[in-house]
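A.B. asks: Here is my input; please provide its structure:
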Amino acid sequence: MHSIIGSWLTVLVNALDSYGIDGEEFLLDRNIQYPQSSDPSCRIELATMRQLWLDAVEVTKDPGIGLRAGTFVAPNTFSTLGLAMSSCCSVKDMLDLLCRYLQIFNTGCSMQLIEEGQETTVCIHLPKGASGQLLVSHYGIDASVSAIFSVISSYNIKRLTPKGVTLPYAEPENASLYSEFFDCQVAFGGDDLLLQYESKQIQQTIPGGNEAIAKSAEALVITALEQIKNDGITRKVRTTLIKLLGESQATIKNVASALNTSPRTLHRRLDEKNTSFRELLDSVRQEQAMEQMKNTRLTVEDIGLQLGFSSHSNYSRAFKRWTGITPRDFRNNLVQLTA
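C.D. replies: Model prediction:
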């Protein structure tokens, strides 16, 4: 299953907030805890993200939400990759970096630079299903290309405007919005996502770039990418547990079913990673408890139920094991600190 970086949720939340819609409540209504799920170490399944974009269009009534959302991107949206990008010495260096490590952002995507004569094309291959259908909604594609466009434009380099953009889906009714946004000709129905630039523009230096910092940051990116590749099953279990906790369905049977495997196979795969379902469930519950205790709209008892504890006493014992104090004392301390 392909996934996207958890911090991408912040882009969606900020976009929804700009319409006067509570982005955090929007996610909570869909059993996604925010901001904990937006941690860059968390991953969101592409199928989940696809549905979120479709729901976002429904609640905002704006099919152009993707283009708008991408403008809310920030360097930390891409975690360590963003840090490395912000230190690059030229636009070309930055794009080369994205080509090497785009899977930090989306494990289903790949990217290459195609240099032909005086033009350089940024070509992004998007994940497709067995029948050739895109696994991401076109609103999500809009947000991604808008984000890349916004990041490149943020360097404030003169004349850094694309010559053309090609999007891999049928022309929508609001097609004129795209040419206005990108300030260039936009085509639809391509096989890949394309951004075309004059090569001399791509070669321009970025003021403030630092090669030493960029190389140091790239080492962190390599480590993060290895973690994504090697920690797949534990990451998937943790992501699934976060979704199921709010439904009181966080059992190994349900998690295994969501991951299209059997409980026995899941036990074995976690054992190979020197962990267990019980350990991951306890860890996720602890993380979620720390976040939910900040939400004063929820009682201590409500939080325990949301985390799947059968009684308040069981939740209280677990919380004391995690922190050394009861959840009620913890809440009282938080109130005093914020008073």
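A.B. asks: I'd like the distance between Leu81 and Glu287.
C.D. replies: 23 Å (Cβ to Cβ, to the nearest Å). Every residue, glycine included, has its C-beta placed from N, CA and C.
A.B. asks: out of the two, which sits in the busier spot?
C.D. replies: Leu81 (26 against 18; other Cβ atoms under 10 Å).
A.B. asks: show me what contacts Tyr315?
C.D. replies: 300, 303-304, 307, 309, 327 (Cβ atoms under 8 Å, 6 or more residues apart in numbering).
A.B. asks: where's it, which helix or strand?
C.D. replies: Using DSSP states H and E, the element containing Tyr315 is helix 312-323.
A.B. asks: swap in Val221?
C.D. replies: Assigned by DSSP H and E, Val221 falls within helix 211-230.
A.B. asks: avg pLDDT for that helix?
C.D. replies: Confidence for helix 211-230, expressed as mean pLDDT, is 80.
A.B. asks: Please work out which residues outside whatever helix or strand comes next after that helix touch it.
C.D. replies: Downstream of helix 211-230, the first helix or strand assigned by DSSP H and E is helix 232-245. Contacts with helix 232-245, where a contact means Cβ under 8 Å, 6+ apart, come from 1, 3, 31-33, 36-37, 42-45, 48, 228, 250-251, 254-255, 258-259, 266, 269-270, 273, 275, 277, 280-281, 283-285, 288, 306-308.
A.B. asks: and those residues, which are buried?
C.D. replies: For the contacts of helix 232-245, a neighbour count by 16 or more other Cβ atoms under 10 Å gives the buried set as 1, 3, 32-33, 36-37, 42-45, 48, 228, 250, 254-255, 258-259, 266, 269-270, 277, 280-281, 284-285, 288, 306-308.
A.B. asks: From Ile32, how far off is Ile325?
C.D. replies: Relative to Ile32, and taking Cβ to Cβ, Ile325 is found at 28 Å.
A.B. asks: mind listing the strands for the stretch 51-200 of the chain?
C.D. replies: In the stretch 51-200 of the chain, the segments counted as strands under DSSP state E, counting those that start in this stretch are 110-116, 119-125, 164-167, 185-188, 193-198.
A.B. asks: could those be laid out in a markdown table, adding mean pLDDT and mean neighbour count?
C.D. replies: Formatted as a markdown table, the strands of the stretch 51-200 of the chain follow (pLDDT from 0 to 100; neighbours: other Cβ atoms under 10 Å):
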| stretch | mean pLDDT | mean neighbour count |
| --- | --- | --- |
| strand 110-116 | 94 | 14 |
| strand 119-125 | 94 | 19 |
| strand 164-167 | 96 | 20 |
| strand 185-188 | 96 | 16 |
| strand 193-198 | 94 | 20 |
